[in-house]
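J.: Sharing a model that was predicted from the sequence below.
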Amino acid sequence: MGSGSPPKLDSETPVDEAARLLIDTPIRRLRRHYNRAVDQPYANSEDIHQLRVFSRRAGAAVKAFSSLAPGADRRPLARALRDLRGVAGQARDCDVFIDSLQRWREVAPPEALPTVTFLIGYAQGERTAAQRALERLFEAMPPKELGRRSKRFSKRLSGKADVEKLGDLIEPVLRPRIASVLDALDQEDPTTDQLHAVRIRGKRARYTLEMFAGCIEKQTARRGLEALAELQETLGSLNDSAVTLARLEKLQQRVEASDPLLWESPKPGFELLAASHRENQFARAVDYRSHREILRDRLAPLRD
């Protein structure tokens, strides 16, 4: 499952022990990236990426084991992770946009180069604003406070009569996640918004399946994780293009309204870049539709 994957557990692992491992492990890693993302901004965009990944993993674990601890202990940690995901997501979107522009600059025709320069400058401004938001969050909720909230939640975790082992949560926690993805895969001719919803469902199911993979037949778990990873990659690329197209449209409207003469310079590049992202959207949607049955077949055993 790659670096940063949850610890290896099985269906007989005591549920409170599993919960502590599955929550504490990503939070420890999250705190390291959190520190570096604030102390050394722009040094390594991977810190922002991993900050978002581990906040999602920890959030998925908190949700999976929410029935084992009082809400008063769970909610502060859940809110903190949600806030981190939001701020890190804004910064990550900027990093992805800047990276795509830098790669496009290597192959873009000459008439598009003014647009690339214009957009990189614009995106760098957005990234600076996102960094400031991260720094404000860091001041309000430093890594130590995040650790305290995690420990408070972990201390209150306890099994129940019907939930003593990790395997006892497969039915109420994992299977509904898988069923949600399978239901989404049944949609005929989904819109871009619906595909975005499929991507979110798939991402949540993937993090949940990673936690329970040791409780399931190895081949079934592996095929399910591969299917969810493929779904995430395909629809992630489609979503990146959708986000870029929305950003370009919004920026175009702003520039045209405020300075029509300025718009004449980046206009050709805007049109070329938008066209390339529409092509990518279409191609990824075709990929999704052509693999939908295969994905469904790989995931179906996890629902049964």
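T.: Yep, it's here. Numbering: from 1, shown residues only.

J.: for residue 109, what are its contacts?
T.: Residue 109 is in contact with residue 272, counting by CB atoms under 8 Å, 6 or more residues apart in numbering. All C-beta atoms are positioned from the backbone trio N, CA, C, and that covers glycine.

J.: List phi and psi for it.
T.: Residue 109 has phi and psi values of phi -70, psi 160 when expressed as degrees, to the nearest 10.

J.: what's the average pLDDT for stretch 232-250?
T.: The average pLDDT within stretch 232-250 is 93.

J.: Apologies, that question was intended for stretch 274-293.
T.: Per-residue pLDDT values over stretch 274-293 give a mean of 94.

J.: Report the distance from the helix or strand hosting residue 250 to the chain centre.
T.: Per DSSP states H and E: residue 250 is located in helix 218-258. Here helix 218-258 is found 10 Å from its chain centre; the criterion is CA atoms, centre = their mean, to the nearest Å.

J.: Can you spell out which helices and strands pack onto that helix?
T.: With contacts defined as 3 or more CB pairs under 8 Å, 6 or more residues apart in numbering; DSSP states H and E, the packing partners of helix 218-258 are helix 71-105, helix 175-185, helix 192-212, helix 260-263, helix 267-303.

J.: ranking the ones you listed by mean pLDDT, which is last?
T.: Of all the helices and strands packed on helix 218-258, helix 260-263 has the smallest average pLDDT, which comes to a mean of 85.

J.: Report the buried residues of that one.
T.: Of the residues in helix 260-263, those buried by neighbour count under the rule 16 or more other CB atoms under 10 Å are residue 263.

J.: quick one, what contacts residue 81?
T.: Taking CB under 8 Å, 6+ apart, we find residue 81 in contact with 55, 58, 59, 62.

J.: Go through those residues and give me the one with the most neighbours.
T.: Counting by other CB atoms under 10 Å, residue 58 has the largest number of neighbours within the contacts of residue 81, with 28 neighbours.

J.: give the contact list for it.
T.: Residues near residue 58 by CB under 8 Å, 6+ apart: 23, 26, 27, 30, 81, 150.

J.: ditto for residue 157
T.: Contacts for residue 157 (CB under 8 Å, 6+ apart) come out as 16, 19, 20, 65, 68, 69.

J.: Just to check, the fifth one is in contact with residue 18?
T.: Looking back up the chat, that one is residue 68. No - when contacts are counted by CB atoms under 8 Å, residue 68 is not listed as touching residue 18 (10.0 Å).

J.: Which one of those two is surrounded by more residues?
T.: Taking neighbours as other CB under 10 Å, residue 68 and residue 18 compare with residue 18 leading, 30 against 19.

J.: do you know how far the nearest residue to that one once chain neighbours are set aside is from residue 210?
T.: Leaving aside its chain neighbours, residue 18 sits nearest to residue 166 (4.3 Å; criterion: CB to CB, 6 or more residues apart in numbering). Counting by CB to CB, to the nearest Å, the gap from residue 166 to residue 210 is 13 Å.

J.: Tell me which of the two has more neighbours.
T.: Taking neighbours as other CB under 10 Å, residue 166 and residue 210 compare with residue 166 leading, 28 against 21.

J.: was I right about the more buried one contacting residue 15?
T.: Yes - between residue 166 and residue 15 there is a contact at 5.4 Å, judged by CB under 8 Å.

J.: Residue 267 versus the residue lying farthest from the centre of the chain, what's the distance?
T.: Going by CA atoms, centre = their mean, the residue of the chain most distant from its centre is residue 261, 38.8 Å out. Going from residue 261 to residue 267 by CB to CB gives 11 Å.

J.: Understood, closing this out.
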